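# got a predicted structure plus its sequence, pasted below:
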Amino acid sequence: KLESNSMLLQIESFNIVRLISAKVKNLNLELKEKDITVNYIAVPDFAYVQGDILKIEQVIQNLITNSIKYTPCGNYINISIIENTDNFEISIENTGTHIPEEELSNIFIKFYKLDKSGDRSKNSYGLGLATVERILSLHKSKYSISNTKDGVIFKFTLKKQDLAIDEFE
């Protein structure tokens, strides 16, 4: 459905902070197994955005799962939410590893994997970031992935809640 452009988004207002916190809590066992600490940097108590909550939940799940998968034991994941004029910018950074610069442009291609060995131990099929890209494109989000000093950061934007929706809260 994502590929065929027949996917209809169910746009609603929701608190992205609460959604991210719930996903981190759901993945707590995986985080503990690898001794990974999640740092919330510049995250407000609430940040109401507009989007399809189920699709954005899938985006958050994929990004945090990838971060756990590629963060070496004992490192950390940084999550930040920055308020801009008409949107919020959400960043998820895993630390301890980088993506080779020449691979960054391929990262959203379906079935593309950095590990060319065919090793299935990481349960990766190369669909996660392609799905993330498609969902964010449907939301007209600006998104990017890049290396940082400490690791790899994925950033994306979501439109702020429409003030007219406030009357339903």
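Received it, and whenever you're ready, just let me know what you need. The model shown is predicted, which means the values in this text are computed figures rather than measured ones.

# name the helices or strands packed onto the least confident helix or strand in the chain by mean pLDDT?
Across the helices and strands of the chain, mean pLDDT, DSSP states H and E gives its lowest value to helix 128-138, namely a mean of 88. Judged by 3 or more C-beta pairs under 8 Å, 6 or more residues apart in numbering; DSSP states H and E, the packing partners of helix 128-138 are helix 53-70, strand 143-147. Backbone N, C-alpha and C define where each C-beta goes, glycine included.

# and of those, who's closest to Lys159?
For those, distance to Lys159 was read as C-beta to C-beta. The smallest value, 11.3 Å, belongs to helix 53-70.

# residues of the closest one that come out buried?
53, 55-68, 70 (16 or more other C-beta atoms under 10 Å).

# how close does Ser146 get to Lys155?
Distance, Ser146 to Lys155, using C-beta to C-beta, to the nearest Å: 8 Å.

# those two - which one has more neighbours?
Lys155 (17 against 13; other C-beta atoms under 10 Å).

# number of residues surrounding the spatially closest residue to Leu9 that is not a sequence neighbour?
Sequence neighbours aside, Asp52 is the residue nearest to Leu9 in space, at 4.1 Å (criterion: C-beta to C-beta, 6 or more residues apart in numbering). Number of residues near Asp52 (other C-beta under 10 Å) recorded here: 19.

# same thing with Leu8?
9.

# and it, its phi and psi?
Leu8 has phi and psi values of phi -100, psi 130 when expressed as degrees, to the nearest 10.

# just Asn78 next, same as before
Torsion angles at Asn78 (phi, psi; degrees, to the nearest 10) stand at phi -110, psi 130.

# which helix or strand contains the residue nearest to it when sequence neighbours are not counted?
Closest residue in space to Asn78, ignoring its immediate chain neighbours: Glu93 at 4.3 Å, by C-beta to C-beta, 6+ apart. Per DSSP states H and E: Glu93 is located in strand 87-95.

# now for that strand, which elements pack on it?
Using 3+ C-beta pairs under 8 Å, 6+ apart, strand 87-95 is in contact with helix 16-26, helix 53-70, strand 76-83, strand 151-159.

# go with 7 Å
Other elements packing on strand 87-95 under the criterion 3 or more C-beta pairs under 7 Å, 6 or more residues apart in numbering; DSSP states H and E are helix 53-70, strand 76-83, strand 151-159.

# any idea of the mean pLDDT for that strand?
Average pLDDT, strand 87-95: 97.

# list the buried residues in that strand.
Buried, per 16+ other C-beta under 10 Å, within strand 87-95: 87-95.

# could those residues go into TSV alongside distance to Glu133?
Output for the buried residues of strand 87-95, formatted as TSV (distance: C-beta to C-beta, whole Å):
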residue	distance to Glu133
Asn87	18
Phe88	19
Glu89	17
Ile90	15
Ser91	16
Ile92	15
Glu93	18
Asn94	18
Thr95	23
